[in-house]
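Novice: Have a look; sequence and predicted model below, questions after that.
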Amino acid sequence: MFGECHAHLIMDGLNYRRAVDLHADGVKDKVIQSRFRLYQELGILFVRDGGDAGMVSKRAKELSGEYGIDYRTPVFAIHRNGHYGGIVGCGFDTLREYHQKVMDAKALGADFIKIMTTGILDFNDHGKITGQPLDKEEVKEMVHIAHEEGFAVMSHTNGDYGVQAAIEAGADSVEHGNYISEETISMLADSNTVWVPTLVTVRNLMGSGRYDSQILARIAAQGEENLRLAYRAGVKVALGSDGGAYMVPHGWGLMDEYHAFLDILGTLAKVAEIDDWLTKGEKEIRERFKRDA
């Protein structure tokens, strides 16, 4: 059984704004249900959402049992105002406000807390991440506050500085983790943090015409090398496609992610060994991201 360790039920894989607007006058159950049916048909019975600003994932949690899907959500992600994250959540200006957002998420039934500590890849400039990363001391306190409230922490993070800060803070998972060095991979291996690389958010853009193919190829090649290094080092890794992101359809995006792992690691390990490695990572995700009742 596959588990999707990073998805956004609110998104449709094609047009973010159109997908959000579908729920403008109230969450549409039929949209969520159609996506759950697809996951169910593909044998994907575990889905960890990355949250949204429209309460779609909250409603999805209420509907998931009808499809036998173990669904986990932070309800919304939390970001510092002026930094990346408004696309999937709520902002704060002070750590006191951040703590209140954690309590708000708890009141809404969140299973874990998602924080946004860096921007995203700049697909027009290889090696660049948009915006400025949060200071490592702030990240440490954010993770500490969430842990004190009984939550595991999912951290949207890219780049060496950001990923190292998340690891040192004790984040339970790092999402994306692009542009990291061998030193950072070694830190991941020595930590309890699970890495969810979401490779297909780049790979599935190839040939779409949306971005320069040479830049995409360079980003993808670096991601592939880092996955090989992570496998050799014994990093805890889990499958997550960022399902719903552009060119990453729900359900099928996870299949693409799995086959990307096979393509990249095929010369290093047998399929059974890769499956065992990924199963361990997913087990970590399941156990840590189930909120302590």
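Specialist: On my side now, so go ahead.
Novice: Report the mean confidence score over the longest helix along the chain.
Specialist: Across the chain, the longest stretch assigned as helix under DSSP state H is helix 213-233. Looking at helix 213-233 alone, the average pLDDT works out to 97.
Novice: Which positions within it qualify as buried?
Specialist: For helix 213-233, a neighbour-count test (16 or more other C-beta atoms under 10 Å) marks 215-216, 219-220, 222-224, 226-227, 229-231 as buried. All C-beta spots, glycine's among them, are computed from the backbone N, C-alpha and C.
Novice: Which one of those is nearest to residue 2?
Specialist: residue 227 (17.7 Å; C-beta to C-beta).
Novice: Next up, the contacts around that closest one.
Specialist: Applying C-beta atoms under 8 Å, 6 or more residues apart in numbering to residue 227 gives the contacts 197, 199, 237, 261, 264-265.
Novice: quick one: which of those residues is nearest to residue 170?
Specialist: Out of the contacts of residue 227, the member with the shortest distance to residue 170 (by C-beta to C-beta) is residue 237, at 18.0 Å.
Novice: And for that closest one, the neighbour number?
Specialist: 24 (other C-beta atoms under 10 Å).
Novice: that older thread, how far does the longest helix of the chain sit from its chain's centre?
Specialist: Helix 213-233 has its C-alpha centroid displaced from the chain centroid by 17 Å (C-alpha atoms, centre = their mean, to the nearest Å).
Novice: Also stretch 42-57?
Specialist: Worked out by C-alpha atoms, centre = their mean, stretch 42-57 lies 11 Å from the chain centre.
Novice: what distance separates the start and the end of it?
Specialist: Taking C-alpha to C-alpha, to the nearest Å, the first and last residues of stretch 42-57 lie 20 Å apart.
Novice: what comes up buried for it?
Specialist: Buried, per 16+ other C-beta under 10 Å, within stretch 42-57: 44-57.
Novice: For residue 273, which three-state class applies?
Specialist: helix (DSSP: H, G, I helix; E, B strand; the rest coil).
Novice: ok, it - how many residues close by?
Specialist: 12.
Novice: quick one: it from residue 262, how far?
Specialist: Counting by C-beta to C-beta, to the nearest Å, the separation of residue 273 from residue 262 is 11 Å.
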